[in-house]
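Enquirer: What shape does this take:
(2 chains)
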Amino acid sequence: MTPDLRQFRYFVAVAEELSFTRAATRLMIAQQSLSQQITALERNLGVKLFERDSRGTRLTDTGALFLPEARAALARADEAVAVVARARRGEAGELSLAFLATTANHLLPPIVRAARSRLPSVSVLTTETAIGSLVDGVLDGSFDLAFTRPPQVPGLASHTIATEQVCAVLPAGHPLADRAALSLADLAGERWVMTPRSSWEPWHRAFDESFRAAGFSPQVVARDASVQGFWAWSRPGSG
Amino acid sequence: MTRLGRSAHHLRRTGVVFVPLTGELMPTDMVWRPDNTAPALRRLREVVTDLATSTDLTEAG
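Expert: The predicted model follows:
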């Protein structure tokens, strides 16, 4: 039978105290019980670990070899229990985060910094992705947490972490470019660059609704899912 | 032309101008599966919520 961890602890206590009496006191057990467990351990291993005579208790050569190994095994067992305790408290584990491409630049650095500082034993994997694969990844469990724009997916939990002003992005020199603010209706005659309708239908339904409320249907001259594409189409001569 | 959140200023290129669209606000959300009960996920959501309370994340980076 394999010795159990309790026997390892008893052995280490006796080896450190070199006294069954003091070891029993330290372990808060009866000395007789400690002696029985050490005898059981020695029988189990098939060797004597201690010499006991009128001069006291000493480790045998084999006992001296066993001591650092028993200490290491106990330390490893303590660490295994501590890892589980940290995981239960949410302080250990692995999380996969997804950032919508247009949010990654400003959100990813502070969130990863905060996670590293406050949850140093949690390993965080990050992915920057388009809306379709972000939603699919949260639904199929590939991503634990994702940062994105509403409207959200039915069945997913969400929490708003920031709200920002939406801006019209116009080529410099455009007749409306020096206005302090614009309404959507001011932009009825413009040529629009939008994300592809296939990117995320709930977004497009919300866009359709806001354009309808502004009283026009946008003239879409290009569809592009990338921020780079938006810039290319928004530069002078393109918009 | 297009429309983007103010946070896209960080990616600003020469030759384009951002003009606020009155009354148009865009939230950023964190989303997760409600049946994902990983304790580390709960702790990270607390960390992000604290961060969002103390920092304007649209100006971070």
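Enquirer: Summarise which helices and strands the strand or helix carrying A:Glu69 is packed against.
Expert: Per DSSP states H and E, A:Glu69 falls inside helix A:61-88. Secondary-structure packing of helix A:61-88 (3 or more CB pairs under 8 Å, 6 or more residues apart in numbering or on different chains; DSSP states H and E): helix A:5-17, helix B:39-54. Every C-beta, even on glycine, is put in place using the N, C-alpha and C of the backbone.
Enquirer: and the angle for it with helix A:5-17?
Expert: Orientation check (axes from the mean of the first three to the mean of the last three CA atoms, to 10 degrees): helix A:61-88 against helix A:5-17 gives 120 degrees.
Enquirer: What is the helix or strand that helix A:61-88 is followed by packed up against?
Expert: Counting by DSSP H and E, the next helix or strand C-terminal to helix A:61-88 is strand A:93-100. Applying 3+ CB pairs under 8 Å, 6+ apart, we find strand A:93-100 packed against helix A:101-118, strand A:122-129, helix A:131-140, strand A:145-148, helix B:39-54.
Enquirer: looking at the ones you listed, which is closest to A:Arg205?
Expert: The closest of these to A:Arg205 is helix A:131-140. By CB to CB, the value is 13.4 Å.
Enquirer: Buried ones in that closest one, by neighbour count?
Expert: A:Ile131, A:Leu134, A:Val135, A:Gly137, A:Val138 (16 or more other CB atoms under 10 Å in any protein chain shown).
Enquirer: Residues contacting stretch B:23-36 from elsewhere in the structure, which ones?
Expert: Defining contact as CB atoms under 8 Å, 6 or more residues apart in numbering or on different chains, one finds that stretch B:23-36 is touched by A:103, A:107, A:138-139, A:141, A:144-150, A:152-153, A:155-166, A:183-184, A:210, B:3, B:5, B:41, B:45, B:48, B:57-58.
Enquirer: Can you flag the buried ones in those?
Expert: A:103, A:107, A:138, A:144-149, A:152-153, A:156, A:158, A:161-162, A:164-166, A:184, B:3, B:5, B:41, B:45, B:48, B:57-58.
Enquirer: which regions of the chain sit below the pLDDT cut-off?
Expert: In the absence of a named chain, chain A is used. A:1, A:225-239 (pLDDT under 70).
Enquirer: wait, chain B
Expert: Ranges of chain B meeting pLDDT under 70: B:9-13, B:60-61.
Enquirer: swap the cut-off to 80 and go again
Expert: Applying pLDDT under 80 to chain B flags the ranges B:1, B:6-14, B:59-61.
Enquirer: residue at max distance from the center of it?
Expert: B:Gly15 (24.7 Å; CA atoms, centre = their mean).
Enquirer: Tell me if I'm right that that one and A:His174 touch.
Expert: No - using CB atoms under 8 Å, B:Gly15 is not in contact with A:His174, being 10.5 Å away.
Enquirer: and A:Ala188, what does it touch?
Expert: A:Ala214, A:Gly215, A:Phe216.
Enquirer: In helices only, show me those residues.
Expert: A:Ala214 (DSSP state H).
Enquirer: Let me know how buried the closest residue to A:Ala30 other than its chain neighbours is, in neighbour terms.
Expert: Spatially, and ignoring its direct neighbours in sequence, A:Ala30 is nearest to A:Ala24 (6.5 Å; CB to CB, 6 or more residues apart in numbering or on different chains). Neighbour count of A:Ala24, defined by other CB atoms under 10 Å in any protein chain shown: 20.
Enquirer: quick one: A:Ala24 and A:Glu17, what's the gap?
Expert: 9 Å (CB to CB, to the nearest Å).
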